[in-house]
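**Student:** Sequence first, predicted model second:
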Amino acid sequence: MEKAPLPPDENGTSMTDEQSEVQLLEANGDVSPGGGGAADLSRDAWSSKVQYLLAQVGFSVGLGNVWRFPYLCHQNGGGAFLLLYVLLLVVVGIPLFFLELAAGQCIRQGSIGVWKHISPKLAGIGYSSCVVCFFVALYYNVIIGWSLFYLGSSFQYPLPWEQCPQLSNNKTVKECEDSSPTTYFWFRKALDITDSIDETGEFNKLMIACLLAAWAIVCLAMIKGIKSSGKVMYFSSLFPYVVLLCFLIRGMLLDGASEGIAYMFYPKLSIWREVQVWRQAATQVFFALGLGFGSIIAYSSYNPPNNNCHRDALMVSFINFFTSVLASLVVFAVLGFRAKTIAMECVSRNLALLSSTNVMAPFNVSDPSSVSLQGYSQWFQHHRSNLTEKNITDCSLEAEMNKGVEGTGLAFIAFTEAMSLFPASPFWSTLFFLMLLNLGLSTMFGTMQGILTPLIDNFKTLSRHKTLLTVCSCAVGFVIGLVFTQRCGNYFVTMFDDYSATLPLIIVVIFETFSVSWVYGADRFLDDIKAMLQWRPPVLYKYLWQYVCLLAMIGLLGSSLLRMFFKRPTYTAWNQTTASEMNLEYPDWALAVLSVLIVIATLPVPMGYIHSLLKTRMGRGLERGNEQDVEREQYTKCNSDDPESTPALTPLEEHDGEDGTCRNSVLPLGVDNYRPLPQEAEDGEDTTRV
């Protein structure tokens, strides 16, 4: 049955159903961009569920799945690390991911609005998330710029990193000879890197152009919010899977692929005794899902209230894990081929030397292809003392597998070198760097959404100029990002990646978990989810949030702090003279910069709490026109059986009416729960009661 229109207002105009809902919500402060998000009818929404899932998957599945997870799996026990990762994913990752999804969907606000809605004292959590997102966006787009540079360089035959450049006297560059063509191209041609972070050097003009292009792409994709970025997700989120499958099929056909995969997944259960392995597994789960950034909350806030966010949490988490395993198979199949190719070339060189000596060998030295790596290595170990004197070396597959399998070393050196050995190498190189570009962009879209959505939701002026805010944010990011385009810029990228986000994000998630499970109450949060989804999640989540997740995050924070205090932070530098990498300690000024970054990112949490206390004690809340936060804590939710009603989290204070009903509450829309306010109520002080 349709509702009859409400009586005309003072001007004699009749209010439609939609108008009455909006005006009633405005009276309670829930439609404004800074509102609690009970039902913002003007809020953007996803065009389809598929678009939303692709956005969440695209944000969580990033470059770390390709170049961080395989390295950790290989370094920390192979199959044993996989089991540990799944364990932590189930008991820590999925519950925290579900918590952020449910909070964003329930309150329909960005990270600032979500925690402000639960309590104004917690608003600083959202601001910290925005700051961390900004730090990450600064250097993440630099990596996208590197991918653009390599993508453009891939349209050449032969690839520019296949051979060392020739000098005028027909000699090759010594730095390239002492390292490798791919290593030389990365450090000298792409980065033109200095020997340490202390040597700044001039700006790299090519990298400036690539960084500008990267920010331009992000700006164009984000210029209309999720309406534009959501459409881009169809390509940027799905294309990497097509490339990974192509590389997997191609990699499995390569000689050495089986050795590479076996080398990665061979289980070493004894590794579970090491605290360092647990710390790295927990950190990878934490960052793989994108917890604490606020992007998960921002994306879910555009969902309808009855969306099954619990199923989404399970689905996205396991897609993320599946992607990490798929990427690991691809990486180690290709790296196994590369390592075996290099090792067999080593055998050929040593057999050529062996043929000119009188040393007897149990194999045909004139036919290197007939010699197995294992047989050669065993023979070498048995006659090491005699062979070393004749400059004959060992050729180890394992030693080659250990070289350059992490981060940029994997993507821009090891994997790039392996692709140069493929037939039609420019084609495979183009595919690979186009995949890296899309992985980076899809994560970058989510990171920017974690900045823009909270600001738009909580500041009316910004909400009226969304396009200008997006353009200005990208412009500021580009200008500050020029720091990373110096010749020493790669060292700053490493510094930001290792330290500017890790500790602040862990602190943010600790406060998020504590706020929901203890300040607000896990039972009440589950009640709100039940009102939203029409079914109650298992009570197991309550205990996971209150104890397991909270203690795990505190333990991760403690171990990370101890590691920083007892081991001076270091970075890997490239020495041009020796043409090799070396570990250097950060100078004092760099440690000071690190400390400032961490303080800036975490400072909003205590500042928000102190600001709220001062505002409450001095009674300036209403005087500053910020009644919204104060009024919201006076509401209490009345449960409704209407599945279409928009839920709001139960506040921290309850005031029941004399008749036992919830007097100060926002009743669900779409039912006959509202009536015109009496004139004296409109003129009185209390205008929030319906």
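**Tutor:** Alright, I've got the coordinates. Residues are numbered from 1 along each chain as shown.

**Student:** C-alpha from now on. contacts and neighbour counts both.
**Tutor:** Will do.

**Student:** Geometric centre of this protein: which residue is closest?
**Tutor:** Compute the mean C-alpha point of the chain, and by CA atoms, centre = their mean the closest residue is Gly290, 4.3 Å away.

**Student:** Might you report the residue contacts of it?
**Tutor:** By CA atoms under 8 Å, 6 or more residues apart in numbering, the contact list for Gly290 reads 59-60, 296.

**Student:** So which of these wins on neighbours?
**Tutor:** Ile296 (31 neighbours; other CA atoms under 10 Å).

**Student:** hang on, the earlier thing: for the residue nearest to the centre of the chain, what are phi and psi?
**Tutor:** Summarising the backbone geometry of Gly290 under the convention degrees, to the nearest 10, its torsions are phi 80, psi 40.

**Student:** for the one 3 residues further on, same thing?
**Tutor:** Phe293 adopts backbone torsions of phi -70, psi -20, taken as degrees, to the nearest 10.

**Student:** okay, now the nearest residue to it once chain neighbours are set aside: neighbour count?
**Tutor:** The shortest distance from Phe293 to any residue that is not its chain neighbour, by CA to CA, 6 or more residues apart in numbering, is 5.1 Å, and that residue is Ser129. A count of neighbours around Ser129, defined by other CA under 10 Å, yields 30.

**Student:** for Phe445, same thing?
**Tutor:** The burial count for Phe445: 25, using other CA under 10 Å.

**Student:** any idea of the mean pLDDT for the helix or strand containing it?
**Tutor:** Element membership of Phe445, judged by DSSP states H and E, is helix 425-458. Along helix 425-458, the predicted confidence averages to a pLDDT of 93.

**Student:** Next: stretch 569-588.
**Tutor:** pLDDT averaged over stretch 569-588 gives 90.

**Student:** Check which residues of that stretch are buried.
**Tutor:** Burial within stretch 569-588, assessed by neighbour count using 16 or more other CA atoms under 10 Å, is assigned to 569, 571-576, 579, 585-586.

**Student:** before we move on, what about stretch 477-485?
**Tutor:** 477-478, 481-485.

**Student:** Reformat those as TSV; add secondary structure, distance to Ile107 and pLDDT.
**Tutor:** As requested, those are arranged in TSV below (DSSP: H, G, I helix; E, B strand; the rest coil; distance: CA to CA, whole Å; pLDDT from 0 to 100):
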residue	secondary structure	distance to Ile107	pLDDT
Gly477	helix	29	95
Phe478	helix	32	96
Gly481	helix	34	94
Leu482	helix	37	94
Val483	helix	38	93
Phe484	helix	37	94
Thr485	helix	40	94
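
**Student:** what's the most distant pair in these?
**Tutor:** Gly477 and Thr485 (12.7 Å; CA to CA).

**Student:** helix/strand/coil for Asn350?
**Tutor:** Using DSSP: H, G, I helix; E, B strand; the rest coil, the secondary structure recorded for Asn350 is helix.

**Student:** quick one: contacts for it?
**Tutor:** When the contact criterion is CA under 8 Å, 6+ apart, the partners of Asn350 are 392-393.

**Student:** Next one: it relative to Asn402, how far apart?
**Tutor:** For Asn350, the distance to Asn402 (CA to CA, to the nearest Å) stands at 21 Å.

**Student:** Please apply the same query to Gly251.
**Tutor:** The span separating Gly251 from Asn402 equals 19 Å under the rule CA to CA.

**Student:** Mind checking which of those two has more residues around it?
**Tutor:** Neighbours of Gly251 and Asn402, each counted by other CA under 10 Å, are more numerous for Gly251; the result is 24 against 14.

**Student:** Can you say which helix or strand has the more buried one in it?
**Tutor:** Taking DSSP H and E as the criterion, the element that holds Gly251 is helix 239-252.

**Student:** List the buried residues of that helix.
**Tutor:** Within helix 239-252, the residues scored as buried using 16+ other CA under 10 Å are 239-241, 243-244, 247-248, 250-252.

**Student:** what do you get for stretch 252-270?
**Tutor:** When neighbours are counted by 16+ other CA under 10 Å, the buried residues of stretch 252-270 are found to be 252, 255-265, 267.

**Student:** With stretch 444-460 instead?
**Tutor:** 444-458.

**Student:** ok, so of the residues you listed, who is nearest Phe321?
**Tutor:** Gly446 (18.5 Å).

**Student:** Hmm, Ser295 and that closest one touching each other?
**Tutor:** Yes: the pair Gly446 / Ser295 is scored as a contact, 5.4 Å apart, by CA atoms under 8 Å.

**Student:** Need the residues touching each of those two.
**Tutor:** With CA under 8 Å, 6+ apart as the test, Gly446 and Ser295 both reach Phe59.

**Student:** all strands for the stretch 201-350 of the chain, in order.
**Tutor:** Assignment of strands within the stretch 201-350 of the chain using DSSP state E, counting those that start in this stretch yields no ranges at all.

**Student:** Ignore what I typed, I meant the stretch 501-650 of the chain.
**Tutor:** Ranges of strands within the stretch 501-650 of the chain are 570-575, 580-585, based on DSSP E, counting those that start in this stretch.

**Student:** give the contact list for Leu122.
**Tutor:** With contacts defined as CA under 8 Å, 6+ apart, Leu122 is in contact with 115-116, 515, 605, 608-609.

**Student:** rerun that using 6 Å as the cut-off
**Tutor:** 115-116 (CA atoms under 6 Å, 6 or more residues apart in numbering).

**Student:** Would you mind listing where the stretch 51-200 of the chain has pLDDT under the threshold?
**Tutor:** Along the stretch 51-200 of the chain, segments meeting pLDDT under 70 span 77.

**Student:** ok, and the closest non-adjacent residue to Pro606?
**Tutor:** Once chain neighbours are set aside, the closest to Pro606 by CA to CA, 6+ apart is Gly124, at 6.9 Å.

**Student:** now the one you found: how far from Ile610?
**Tutor:** If you measure Gly124 against Ile610 using CA to CA, the figure is 10 Å.

**Student:** Those two: which has the busier surroundings?
**Tutor:** Neighbours of Gly124 and Ile610, each counted by other CA under 10 Å, are more numerous for Gly124; the result is 27 against 14.

**Student:** in the host helix or strand of that one, what's buried?
**Tutor:** Assignment of secondary structure by DSSP H and E places Gly124 within helix 123-153. Along helix 123-153, these residues count as buried under the neighbour rule (16+ other CA under 10 Å): 123-151, 153.

**Student:** Turn the buried residues of stretch 477-485 into TSV, including distance to Asp394.
**Tutor:** TSV is the format used below for the buried residues of stretch 477-485 (distance: CA to CA, whole Å):
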residue	distance to Asp394
Gly477	49
Phe478	48
Gly481	45
Leu482	45
Val483	43
Phe484	40
Thr485	40
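
**Student:** Go through the residues you listed and say which is closest to Tyr543.
**Tutor:** Proximity to Tyr543 was ranked across these by CA to CA; first place goes to Gly477, at 40.6 Å.

**Student:** Could you pull up the residues touching Leu253?
**Tutor:** Contact partners of Leu253, counting by CA under 6 Å, 6+ apart, are absent.

**Student:** Quick check: it vs Phe332, distance?
**Tutor:** 13 Å.

**Student:** again with Gly292
**Tutor:** Gly292 is 31 Å from Phe332, where distance means CA to CA.

**Student:** before we move on, what about Ser559?
**Tutor:** Relative to Phe332, Ser559 is positioned 30 Å away (CA to CA).

**Student:** More neighbours: the two, which one.
**Tutor:** Comparing Ser559 with Phe332 by other CA under 10 Å, the one with more neighbours is Phe332, at 30 against 15.

**Student:** ok, the more buried one touching Glu259?
**Tutor:** No: with contacts defined as CA atoms under 6 Å, Phe332 does not count as touching Glu259, sitting 8.6 Å away.

**Student:** Kindly state the pLDDT recorded for Asp686?
**Tutor:** In the prediction, the pLDDT value recorded for Asp686 is 34.

**Student:** Over to Arg620?
**Tutor:** The pLDDT attached to Arg620 in the predicted structure is 53.

**Student:** same thing with the one 5 residues further on?
**Tutor:** Among the per-residue scores, Gly625 holds a pLDDT of 51.
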